[in-house]
Structure formats: structure tokens, C-alpha cells
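Asks: Predicted coordinates and the sequence they were generated for:
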Amino acid sequence: MHLAFVSRVLGLMLMVFSTSMLVPIIFATIYQENTLPMFFLAFTITMIVGFLSWLPARDMKGEIRIRDGFIITVLFWLVLSTFGALPFALSQETNLSFIDALFESISGLTTTGATVFTNLEDLPKSILYYRQQLQWLGGIGIVVIAVSILPMIGVGGMQIYKAETPGPIKDTKLTPRIAETANALFKIYVFLTVVCAIAYWVAGMSWFDALSHSFSTISIGGFSTYDESLGHFDNNAVLTIASIFMVVSGLNFALHYTAWHARSIRSYISDPEARLFVLVILFGILVTTYFLYTTASMPNEEILFVGVFQLISILTTTGFTTTEFHLWPSFLPFFLILLSFFGACAGSTGGGIKMGRILIMSQQVVREIYRLIHPNAVLPIKTKKHKIPERVTDGIWAFFGIYFFIFYVMVLLLLANNLDYITAWSATAASFNNLGPGLGAVAENYADLNAMSKAILCSGMLLGRLEVFTLLVVLSPTFWRN
């Protein structure tokens, strides 16, 4: 591993990220807010640190090795989250401690959507925009975006792409060059964001709210500019638009590329993971609307729009809300959060275990049951007529095991910090699955948690965003041996 080489790449990426802190200055100017000096100071600090990291090794060239890719990915998310917290920590309007500022920054970049803010409507527009921008950047993955510029300085980016991209993606390279792949994904991401923003604006949002919520919708982040989230608008058209784009963003972006390139929706129909994703959504909608109807939890005319929206929002790990769903009949809140473990598809901006893994695990369970009856049967696991290697299935089960081991370790740590079980369980699920809203004391926000609990949840958000193994690999002694 070349530490100087890693420092150079991280420095370059940090300098690129620092420029994003200049965008909120536009909003500070438009709305005549006094946050301009704070954002400029945060930009200056981030740019200088990035430049100093890049300068000593600026002439180094070469291909990033697999170890370099892992360490760059992990360090970049840690470093980026730290510097991303600067505007929150420096702002007098937010009045946040550093751990609160870090929590908000990590929650944004990991597209979790958990927040320590209250009275969002009273915050400056520039701060509100910055929160949404963090989620938008985190959704596509800063590292994946950045690989498009690495070839220009003599650095190949495939190892970073492999370490960063979430889930068991079937098509690692959509185009022959990794930079072209990153550009293709980024263009699709921007296109969906623009279309979503226009749709929100047509539905009645202001241009600022439309832009802000399009960022958090396409990124499956869930941040809003209002405490009531999308419930503030009391608009069924808004809920419908959000539901559609959350489903679209929950699909594998490789399918979007294939569909766009082939000018056909056949790739969606033929993909078994996408079909499972839709089936789980339909099942969840049936259960949710049925229980809302039988328990008379809300007027019948609202059940379809609100129930469908809330189910999709939680299942895709977006985390938007329209109502106090934690007050629904006791079965439903736990059912919804349980579905967040399924999450969205591999290669999407969503969190959770991912539908691709669930699909392969379910096939393996069926195979093992069949083997008990027919011990000598040869039953390979396949997706789209392609055999899944045993190494992949073994890795998925290992992921599943470590996922829930870490999950319950976090629950125990939160219980040790004097949280009740419902709060500890739901907060862990909301952070680890990159969901956002929880139950109990974290149903509305995370402001009242103590610093240690917030630090534990920060680690959970990072582990969830990096899909556990990326971070565990770097922490293992084997990784550091020659």
C-alpha cells in the first residue's frame, strides 16, 4: 500500500468536495443571510487541507491497487464526513456541538436522514440547502463520481469503484472504461434529479423546496426542509411523485443505463431482483393499507396515498414521513422498519441488506430444503440463467451473519447508554439500514440522545453505507500484513 499515493488521491477529492461548500453561498446571497462568511471559511479550511495532502505526492502516477481502494474509500468517508460537519459546527444559527454537527454530516452523506435539528423552518435557507446537497452527493457516492477525473491525472479508479459500489452488483463495468461508467451513472442521476424537481414544482412546491426534495428523493436520503417532512405540503400529487421516484431510485442504476441505452424496459422486466423488489412493495402495500383500514387509523380517502407512500419510503430506506407513523397500531411501525432490512436493490442509492442478497439467500434456503429430500441432487443457484459461484453465496451468508451480529452489538451498547429497548432497536435499524426515522425517543429526531449514543449511531451509519465488509477489511490485521 502506498500511503503517499493514498494521500494524493484523498487530497484531490477533498479539494473537489470543498467546492460544493461554495454553492450554498448563492442561496445565502439570494435570501440575504449572514451565513456567507461561515461557508467561505469552511471552504477555505477544506481546500487548504486537501491541497496540503495532495501537494507532496502530486507527481505520482499509477493504478490504484485493491488495498489502496479500500483504504481510500474508508478514509474518504471518514474525512469527508468530518469536513462536511464544518458548516454546521461553525454556524451560529445551528448552535450545534461537534458531535451533533458530525452526526448531521454523516447522516447526510450516508443518505440516512436521521437529524438532530428541530424547527427546520427557522434555519437559514443556505443551511437547509447544504443538508440536502450532502445527501445528493452521498447518494451517487462521492468516490464513484470522482473516479471520472482520476484517469486524467494518471490514476485508474476501478479498485475504488469496486470498494464503494453497494451490494452484489452483477455488472461492475457498464462501459469499457471505469471513467465512462462513472459518467454514465452520474448523467442518469442528474437526469432523474432534474425530472423529479420539475415534477415537484408542477405539483405546487416552490422552486427551492422542489430542488431540495428532489435531492433527497433521488438519493433516497429523506432530509426535508420542514419538521413535518412531506406531510407539510398536504398534497397527494407530491406523495405520488415521491413514491414513483423512490421506487425508480431503489432500482439498480445499471438497469436504468441498460434501459436507456437499449430504449426498452425489458431489462427491468427480465431482472429477478427488480421483480422481487416490486413484489415486496406490493405485499407491503397490501398489509399496510389493510391494517390502516381495519383499525380506522385515518380517513379512508387518505389510506391509499399515505399508506402506499409511507410503505415505499420506509422500505426503500428513504425515510420521508407524512404522519406520525410511529403512532399507528403497534404492528405496523415494527413491520415497516422490519422491511427496511430488505432495503432497495443492489446498485441503487438505498440501504439495507439489498434485494439481490435476499434473492440469493432465499434460493439457497429452498435448495437446502430440497437437498434434505434428494441428497444427491445437483442444484446450482442461478440468476438470469447465470450460475452464482459458491464463493458469492458463502460471502452473502457471511455478510448476513456479521450484519446482524453488529446490529445487536449496537443495540446492547445503546441499552447500556440508558435507552429503552424500542428506542435502541429502532435507532440501530434506522442508522444501520440508512433509514432515518425510528420509534420511541427517536421517532421525530435524535437531538435528545447523549453523545455516546450518537457516536455509536454514527459508526452504524458508516458501516451501513460501506456495506460492513469494506470497513471490516481495513480493520482486520490481515489487511496490514505484507
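Replies: Nice, thanks for sending it over.

Asks: pLDDT-wise, which helix or strand of the protein ranks last?
Replies: Within the chain, confidence by mean pLDDT, DSSP states H and E is lowest for strand 155-156 among all helices and strands, at a mean of 49.

Asks: hey, which helix is longest across the chain?
Replies: Criterion DSSP state H: the longest helix present in the chain is helix 390-416.

Asks: What mean pLDDT does that helix get?
Replies: Here helix 390-416 scores 90 as its mean pLDDT.

Asks: And whatever helix or strand comes next after that helix, what's buried?
Replies: If you walk from helix 390-416 toward the C-terminus, the next helix or strand you reach (DSSP states H and E) is helix 421-432. Using 16 or more other C-beta atoms under 10 Å as the test for burial, helix 421-432 gives 422-432. No exception for glycine: its C-beta is placed from N, CA and C like everyone else's.

Asks: tell me how far the longest helix of the chain is from the chain's mean position?
Replies: Averaging C-alpha coordinates over helix 390-416 and over its chain gives two centres that are 18 Å apart (C-alpha atoms, centre = their mean, to the nearest Å).

Asks: How about stretch 310-319?
Replies: What separates the centre of stretch 310-319 from the centre of its chain is 12 Å, taken as C-alpha atoms, centre = their mean.

Asks: What is the end-to-end distance of it?
Replies: Distances were taken as C-alpha to C-alpha, to the nearest Å; on that basis the terminal residues of stretch 310-319 are 8 Å apart.

Asks: go on, stretch 346-357?
Replies: Stretch 346-357 stretches 8 Å from its first residue to its last (C-alpha to C-alpha).

Asks: again with stretch 225-235
Replies: Termini of stretch 225-235 sit 16 Å apart (C-alpha to C-alpha).

Asks: for it, which positions count as buried?
Replies: Residues of stretch 225-235 classed as buried under the neighbour-count rule (16+ other C-beta under 10 Å) are 225-233, 235.

Asks: which of those lies closest to residue 274?
Replies: residue 230 (25.0 Å; C-beta to C-beta).

Asks: wait, is that closest one part of a helix?
Replies: Yes. Assignment of residue 230 by DSSP: H, G, I helix; E, B strand; the rest coil places it within a helix.

Asks: Leaving out chain neighbours, which residue sits closest to it?
Replies: Once flanking residues are discounted, residue 230 sits nearest to residue 320: 5.0 Å by C-beta to C-beta, 6 or more residues apart in numbering.

Asks: next one: residue 7
Replies: Distance criterion C-beta to C-beta, 6+ apart; nearest residue to residue 7, sequence neighbours excluded, is residue 53 at 4.9 Å.

Asks: for the strand or helix carrying the one you found, packing partners?
Replies: Secondary structure assigned from DSSP H and E places residue 53 in helix 36-54. When contacts are defined as 3 or more C-beta pairs under 8 Å, 6 or more residues apart in numbering; DSSP states H and E, helix 36-54 sits against helix 3-18, helix 23-30, helix 66-84, helix 86-90, helix 125-140.

Asks: Among those, which comes closest to residue 380?
Replies: With respect to residue 380, and counting by C-beta to C-beta, the nearest of the helices and strands packed on helix 36-54 is helix 66-84 at 27.9 Å.

Asks: Taking their axis directions, that closest one and helix 125-140 sit at what angle?
Replies: 170 degrees (axes from the mean of the first three to the mean of the last three C-alpha atoms, to 10 degrees).

Asks: Can I get helix 66-84 in CSV, CA atoms only?
Replies: Output in CSV follows, covering the C-alpha atoms of helix 66-84 (Å, rounded to 0.1, in the frame of the first residue of the first chain):
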residue,chain,number,x,y,z
ILE,A,66,-7.1,-3.3,-4.2
ARG,A,67,-5.7,-2.3,-0.7
ASP,A,68,-5.4,1.3,-1.8
GLY,A,69,-9.0,1.2,-3.0
PHE,A,70,-10.3,0.0,0.3
ILE,A,71,-8.3,2.4,2.5
ILE,A,72,-9.2,5.4,0.2
THR,A,73,-12.9,4.5,0.4
VAL,A,74,-12.9,4.2,4.2
LEU,A,75,-10.7,7.2,4.9
PHE,A,76,-12.5,9.4,2.4
TRP,A,77,-15.9,8.8,4.0
LEU,A,78,-14.4,9.5,7.4
VAL,A,79,-12.5,12.6,6.3
LEU,A,80,-15.4,13.9,4.2
SER,A,81,-17.9,13.5,7.0
THR,A,82,-15.6,15.4,9.3
PHE,A,83,-15.0,18.3,7.0
GLY,A,84,-18.7,18.2,5.9
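
Asks: Report the buried residues of it.
Replies: Taking 16+ other C-beta under 10 Å as the basis for neighbour counts, the residues of helix 66-84 that come out buried are 67-77, 79-84.

Asks: again, but for stretch 470-477
Replies: Taking 16+ other C-beta under 10 Å as the neighbour-count basis, stretch 470-477 is seen to contain the buried residues 470-471, 473-474.

Asks: Just send those residues back as CSV, with secondary structure, distance to residue 259 and pLDDT too.
Replies: Formatted as CSV, the buried residues of stretch 470-477 follow (DSSP: H, G, I helix; E, B strand; the rest coil; distance: C-beta to C-beta, whole Å; pLDDT from 0 to 100):
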residue, secondary structure, distance to residue 259, pLDDT
470, helix, 28, 78
471, helix, 33, 78
473, helix, 33, 80
474, helix, 35, 81
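
Asks: quick one: which of the residues you listed is nearest residue 194?
Replies: Distances from residue 194 to the buried residues of stretch 470-477, taken as C-beta to C-beta, are shortest for residue 470 (30.6 Å).

Asks: Show me the shaky parts of the stretch 101-250 of the chain.
Replies: Low-confidence segments of the stretch 101-250 of the chain, defined by pLDDT under 70: 142-179.

Asks: For it, just list every one of the helices.
Replies: Assigned helices in the stretch 101-250 of the chain, in chain order: 125-140, 142-146, 158-164, 178-202, 207-218, 236-250 (criterion: DSSP state H, counting those that start in this stretch).

Asks: closest one to residue 358 among those?
Replies: Between residue 358 and the helices of the stretch 101-250 of the chain, the shortest separation by C-beta to C-beta is 13.3 Å, and it involves helix 236-250.

Asks: I'd like to know which elements the helix or strand just after the closest one is packed against.
Replies: Along the chain past helix 236-250, the next helix or strand (assigned with DSSP H and E) turns out to be helix 253-262. Helix 253-262 sits against helix 178-202, helix 266-270, with contacts defined as 3+ C-beta pairs under 8 Å, 6+ apart.

Asks: Select, out of these, the one closest to residue 403.
Replies: Ranked by C-beta to C-beta, the member of these that lies closest to residue 403 is helix 178-202, at 25.3 Å.

Asks: If we go by neighbour counts, what in that closest one is buried?
Replies: Of the residues in helix 178-202, 178-179, 181-182, 184-186, 188-189, 192-193, 196-197, 199-201 count as buried by neighbour count, 16+ other C-beta under 10 Å.
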